[in-house]
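Participant: Sequence plus the predicted model coming up.
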There are 2 protein chains.
Amino acid sequence: MSNSHRMTVREMARLAGVSVATVSRVFNGTGQVSEEMRQRVLESIKAHGYQPDHRGRALAARRHNAIGLVFPGLAGPYFGELIQGFELEVVQSQAAVHILCTHMRSDSDEQVIEMARRVDGLAVLGGTVSDDAVLRLAGALPVVVLAGKGPGAVPSIRAENHDAMRALTTHLLETHGLRDLIFVGSPDGSPDISERWDGFRAAHRDTGRAQRRRPVRAALRQEDGVQVATQLLKRGPLPQAIVCANDETALGVLVGLLGAGVRVPEDVVITGFDDVQMAGLVAPALTTVRQPIRELAAETARQLLRASTDPPQSRLLPTELVIRRSCGCAGARNTTGDPARRDP
Amino acid sequence: MSNSHRMTVREMARLAGVSVATVSRVFNGTGQVSEEMRQRVLESIKAHGYQPDHRGRALAARRHNAIGLVFPGLAGPYFGELIQGFELEVVQSQAAVHILCTHMRSDSDEQVIEMARRVDGLAVLGGTVSDDAVLRLAGALPVVVLAGKGPGAVPSIRAENHDAMRALTTHLLETHGLRDLIFVGSPDGSPDISERWDGFRAAHRDTGRAQRRRPVRAALRQEDGVQVATQLLKRGPLPQAIVCANDETALGVLVGLLGAGVRVPEDVVITGFDDVQMAGLVAPALTTVRQPIRELAAETARQLLRASTDPPQSRLLPTELVIRRSCGCAGARNTTGDPARRDP
DNA sequence: TTGAAAGCGGTACCAC
DNA sequence: GTGGTACCGCTTTCAA
């Protein structure tokens, strides 16, 4: 029991009266071992609480049994879900999760490269690491870009952004007949946001409506949304609709405007993107696009975990338009977006 | 240059025309090396882009150069800040961060124990791992309990909760003359919350006011707060004040009540705990207690990083009462709480 | 100062 | 089937 302190294969072998090779074979279930030996060794292993040392195994097997996740730093539910989805999948496979926050630091590329030397595979959130660094990394170990497009042939796991945002925007333009929409988010901030911005513009083009306003640049946290609300109120007449790049910002804008006495959706329409849990709970409930956040992360983890035998493949997961009250609709119905499909 | 693929100490030694021992000494700056050798080796190292393998080092040095962080799973800004504060400190020390979310799984103790075999030190969020498991772990490697009290002699890094919550509650009872307060949060959910609940009760005892309501059990996320609001509205007359165990819940309650047309603080007072960024931005701004979240995490990381030479010490960091508008105060002034002090 | 060699803990090949 | 042994890549005595 318990005295697993200085317990090594050699020590186990001695105690069980067998060779180290046999102990290793039994523990790993590899090679041929007679049932008799097997039982003897297993008992001894259990009795002495032997657990092979990760360092020795890693060295011998030339792998770390760990995979890394790189993200910008986290605040709200989006990153929370992402991390949990990732971690759950990795831990279930008996591997370890390393994390690295870039914090928008300038030297983060080097730190990512350093981290890459300690893991068997790397998941990088879109927009957190330079294309150049991603390409270099991909030459050294399996890399998957999560929520973004990888440079070159680097595979990526992402959700359908463009068409979903186009559908959402078209809903506002056509169904609600709105003319004056504003986009909140930084198109050059991350690949996801960039695609959503493109979808927003595409909807205007498709329907032949002029796009009057330039996007309001804002980071993706709820507090950034509050500040956008303040800014919009100060700037003059509100637009008819505020199309936010993500839910957290939208919730911030909503809170900010409601606090100032603006009625939603009567005075102004607000929409989000992600469908985080809060989106369905606020009043008015947020019209948004549902994105399978945990599944994106889980799929990324799975691809990396089996990367030694099976090179990662790009995936585009479907999203779904979720109509609620904040756009002016009375009830709550769903419109299904694109089905799952592979990247070209 | 780049060809760091199969570059080992032995290969470097051959290329530089020296022994592996010398390469190791030069790289690590240990032992005595003549300046001439030193230069020759350094050049060669740079020229061939040699980087020692972490696995080999770990095995030889009998350490992992990694530390672990165990938390329940994350959603909002509180855990986000915690993780970032921790990660920043660890990465600056060239070490790696392993994470494990318990997800409230029943088998999480085993997973924590498994994780402990891959790191040199472990930070455990209060309430995520059983006391029994924490004690076992502490016998095998340095362990620090973050935001909670460790069992036995296990050191902990936490913020002052009890007196701060007592001060906040007293403010409501005395300054605002409120009588009917309700506490939102699960006293048995985590050590932090338990202490805040005790402070809430202490304030009632101190001032000789009866405590009329039982706590509303709720998890700590914003969405849980929204549901609490719904529940309170359904249940009958609102209390005079809703004292939430943390800001995220308070923000949810606030959003929920405002959405239902309740005026804050006129109809009901709401307070939080943590002082996350949103707390100061909502309308009305939230009266709360400021807690140095990042610093708690950073201090925990620092203690673990130097644990091999310097056993971790318990720390109690100060908190600060932050009076804003949601309690009914007009302006916004601060009252300083307890100064920093050591745990007994 | 420098180098040869013995580990660190496991794995796996190669004989018996 | 089983055991001896040579690695995996690096650090660190111990001699020279």
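Facilitator: Structure received.

Participant: do you know how far the closest residue to residue A:178 other than its chain neighbours is from residue A:115?
Facilitator: The shortest distance from residue A:178 to any residue that is not its chain neighbour, by CB to CB, 6 or more residues apart in numbering or on different chains, is 4.4 Å, and that residue is residue A:240. Bear in mind the C-beta positions are built from the backbone N, C-alpha and C, glycine included. Using CB to CB, to the nearest Å, one gets 46 Å for the distance from residue A:240 to residue A:115.

Participant: Have a look at the two and say which one is more surrounded.
Facilitator: Counting neighbours by other CB atoms under 10 Å in any protein chain shown for residue A:240 and for residue A:115 shows that residue A:115 has the greater number, 21 against 18.

Participant: Just say helix, strand or coil for the more buried one.
Facilitator: Per DSSP: H, G, I helix; E, B strand; the rest coil, the secondary structure class of residue A:115 is helix.

Participant: From DNA strand C, how far off is it?
Facilitator: Here residue A:115 is placed at a distance of 23 Å from DNA strand C (CB to the nearest atom of the strand, to the nearest Å).

Participant: ok, the residue in the stretch 101-250 of chain A positioned nearest to DNA strand D - contacts?
Facilitator: When distances are taken as CB to the nearest atom of the strand, the stretch 101-250 of chain A approaches DNA strand D most closely through residue A:117, which lies 9.9 Å from it. Neighbour list for residue A:117: B:51, B:53, B:54 [criterion: CB atoms under 8 Å, 6 or more residues apart in numbering or on different chains].

Participant: Neighbour-wise, which one of those residues leads?
Facilitator: Within those, most neighbours by other CB under 10 Å means residue B:54, with 20 neighbours.

Participant: need the contact list for it.
Facilitator: In this structure, residue B:54 makes contact with A:64, A:117, A:118, B:65, judged by CB under 8 Å, 6+ apart.

Participant: One more pass at 10 Å, please.
Facilitator: By CB atoms under 10 Å, 6 or more residues apart in numbering or on different chains, residue B:54 lies in contact with A:55, A:58, A:59, A:64, A:114, A:117, A:118, A:119, B:64, B:65, B:66, B:96.

Participant: same deal with residue A:124?
Facilitator: Taking CB under 10 Å, 6+ apart as the contact definition, residue A:124 lies against A:68-71, A:100, A:102, A:112, A:116, A:133-134, A:137-138, A:143-148, A:150, A:154, A:156, A:300.

Participant: and the closest residue in space to residue A:25 that isn't next to it in sequence, helix, strand or coil?
Facilitator: Nearest-residue entry for residue A:25: residue A:31, 4.3 Å, with adjacent residues in sequence omitted and distances by CB to CB, 6+ apart. Classification of residue A:31 by three-state DSSP places it in coil.

Participant: how about residue A:31, phi and psi?
Facilitator: phi 60, psi -170 (degrees, to the nearest 10).

Participant: go on, residue A:322?
Facilitator: Backbone phi and psi, for residue A:322 under degrees, to the nearest 10, turn out to be phi -120, psi 110.

Participant: Okay, it and residue A:33: tell me how far apart.
Facilitator: 56 Å.

Participant: which one of the two has more residues nearby?
Facilitator: Taking neighbours as other CB under 10 Å, residue A:322 and residue A:33 compare with residue A:322 leading, 25 against 19.

Participant: Now for whichever residue of the stretch 201-344 of chain A sits closest to DNA strand C: which residues touch it?
Facilitator: Going by CB to the nearest atom of the strand, DNA strand C is nearest to residue A:308 of the stretch 201-344 of chain A, at 12.4 Å. If you count contacts by CB under 10 Å, 6+ apart, residue A:308 has them with A:63, A:120, A:121, A:142.

Participant: can you check residue A:281 too?
Facilitator: Residues counted as contacts of residue A:281 (CB under 10 Å, 6+ apart) are A:251, B:222-227, B:229-230, B:252, B:255-256, B:259.

Participant: Identify those among those that sit within helices.
Facilitator: For the contacts of residue A:281, the ones inside helices are A:251, B:222-227, B:229-230, B:252, B:255-256, B:259, with DSSP state H as the criterion.

Participant: Find the pair from the contacts of residue A:281 with maximum spatial separation.
Facilitator: With CB to CB as the measure, no two of the contacts of residue A:281 lie farther apart than A:251 and B:230, at 16.9 Å.
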